[in-house]
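Colleague: Sequence plus predicted model, see below.
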Amino acid sequence: MSLINKMLQDLDARGSHGGGHAEADIKSVVRPEPRVRTPVVAAALGAAILLAFAAVYGWRYLTRPAPAPLLPPVVIVPKVVQPAPIVVPAPAVVAAPVVVGAPATEPEPAVMPEPVKAVPKAPRAPAMVKPKAVAIVAAPVPAGKQASAPPSAEGQYRAAIGQLQGGRVSEAIDTLERALKADPRHEAARQTLVGLLIEAGRPDEAMSLLRDGLALDVRQPSLAMLLARMQIERGASGVETLTKSLPAATGNADYHALLAGALQRDLRHAEAAEQYMAALRKAPQNGVWLMGLGISLQAEKRDGEAVEAFERAVQSGGLNAQLLSFVERKLQQLRK
């Protein structure tokens, strides 16, 4: 401790005798502050940030799952197979003359039209084609909306044919009625429905349908013939019905013959002979029509032409035993 005190005293003594020189000799050592270069620091900091971002996003990129390849949707449009058309034949109408106007001395056989049987034949079902497996891309239906278009008359008609093929006659009648409500001019549906109603013993409804159809379009000879035959069977004339549709039936031999028989029932023999001649131009060997022509010609006092018509009727070979006997008696009377 004394040595230290002595040194302190020496220092104080030096300081008291030459303070200015001591200040010059003793210099304080101050550590200089390092000069910070701002651009270098900023550049280093930016590089560090970039490296950090690159490391993070690089790791995410390398470890992310591989995305599924985007392929455009493949839409396969199935080939539309048109079903074979379903044809329901119209009821066959075979006209037979109504024999009237013979002399009172000999009763003539009353050749009435055959009872109406208008049951359509069930058509062949269209060939079934097995569809191929296809991918169907359906357009989305907006919420709250549904495409519910009413079935067309043709669709109802085809459905009725299917029901008939399955033996469901009552359902077919109801379906055909709906088809006619959708399209009153659907001729095939009307004719089929008429045939079913006749077969079901509902002739009044059938005749009403026929009248409605002719009121919409009188140019339907098949409907006119069927209605006229039903009228004749009930004791009516049928001439008016047939006359209205006659312009649309030119050249239809059966139509002309049926009208001729109706005119003959009304004792309008001159007109009946004209219609028989029109029918015979299409079928010159029809024995029944030749007999009807002979009857009307005899009623008009055209005996020579009547004999020729009766002779042709015998030669035709188309008369049954009763009608053949009747014509032969007529020939005997005219040749006297």
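Modeller: Okay, I see it.
Colleague: residue contacts, residue 171?
Modeller: Residue 171 sits next to 160, 163 when contact means CB atoms under 8 Å, 6 or more residues apart in numbering. Where you see a C-beta, it was placed from the backbone N, CA and C, and this is true even at glycine.
Colleague: I'd like the next helix or strand past the helix or strand where it lies.
Modeller: For residue 171, the enclosing helix or strand under DSSP states H and E is helix 169-182. Proceeding N to C from helix 169-182, the next assigned helix or strand is helix 187-199, under DSSP H and E.
Colleague: Buried residues in the helix or strand just after that following helix, which are they?
Modeller: Heading C-terminal from helix 187-199, the first helix or strand you meet, by DSSP H and E, is helix 203-216. Using 16 or more other CB atoms under 10 Å as the test for burial, helix 203-216 gives 206-207, 209-210, 213-214.
Colleague: repeat for stretch 312-328
Modeller: By 16+ other CB under 10 Å, the buried positions in stretch 312-328 come out as 312-314, 316, 318-319, 323-324, 326-327.
Colleague: for that stretch, how far is the first residue from the last?
Modeller: End-to-end distance for stretch 312-328, by CA to CA, to the nearest Å: 11 Å.
Colleague: what's the model's confidence in that stretch, averaged?
Modeller: The average pLDDT for stretch 312-328 rounds to 96.
Colleague: And stretch 288-300, by the same measure?
Modeller: In this model, stretch 288-300 has a mean pLDDT of 97.
Colleague: how about it: buried residues?
Modeller: Across stretch 288-300, burial judged by 16+ other CB under 10 Å covers 288-299.
Colleague: Could you provide the residues you listed in TSV, with additional columns for secondary structure and distance to residue 273?
Modeller: TSV is the format used below for those (DSSP: H, G, I helix; E, B strand; the rest coil; distance: CB to CB, whole Å):
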residue	secondary structure	distance to residue 273
288	helix	15
289	helix	11
290	helix	12
291	helix	12
292	helix	9
293	helix	6
294	helix	9
295	helix	9
296	helix	4
297	helix	6
298	helix	10
299	helix	9
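Colleague: Tabulate the residues you listed (a markdown table), appending distance to residue 258.
Modeller: Listed next are those as a markdown table, based on distance: CB to CB, whole Å:
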| residue | distance to residue 258 |
| --- | --- |
| 288 | 12 |
| 289 | 10 |
| 290 | 16 |
| 291 | 15 |
| 292 | 11 |
| 293 | 14 |
| 294 | 18 |
| 295 | 16 |
| 296 | 14 |
| 297 | 19 |
| 298 | 21 |
| 299 | 19 |
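Colleague: Near residue 239, how many residues? Count them for me, please.
Modeller: 20 (other CB atoms under 10 Å).
Colleague: so which strand or helix has the residue nearest to it when sequence neighbours are not counted?
Modeller: In this structure, residue 239 finds its nearest non-sequential neighbour in residue 262, 4.7 Å apart by CB to CB, 6 or more residues apart in numbering. Assigned by DSSP H and E, residue 262 belongs to helix 253-265.
Colleague: tell me what that helix is packed against?
Modeller: The contact analysis (3 or more CB pairs under 8 Å, 6 or more residues apart in numbering; DSSP states H and E) places helix 253-265 against helix 221-233, helix 239-244, helix 269-280, helix 287-299.
Colleague: now the first one: mean pLDDT?
Modeller: Rounded to a whole number, the mean pLDDT of helix 221-233 is 96.
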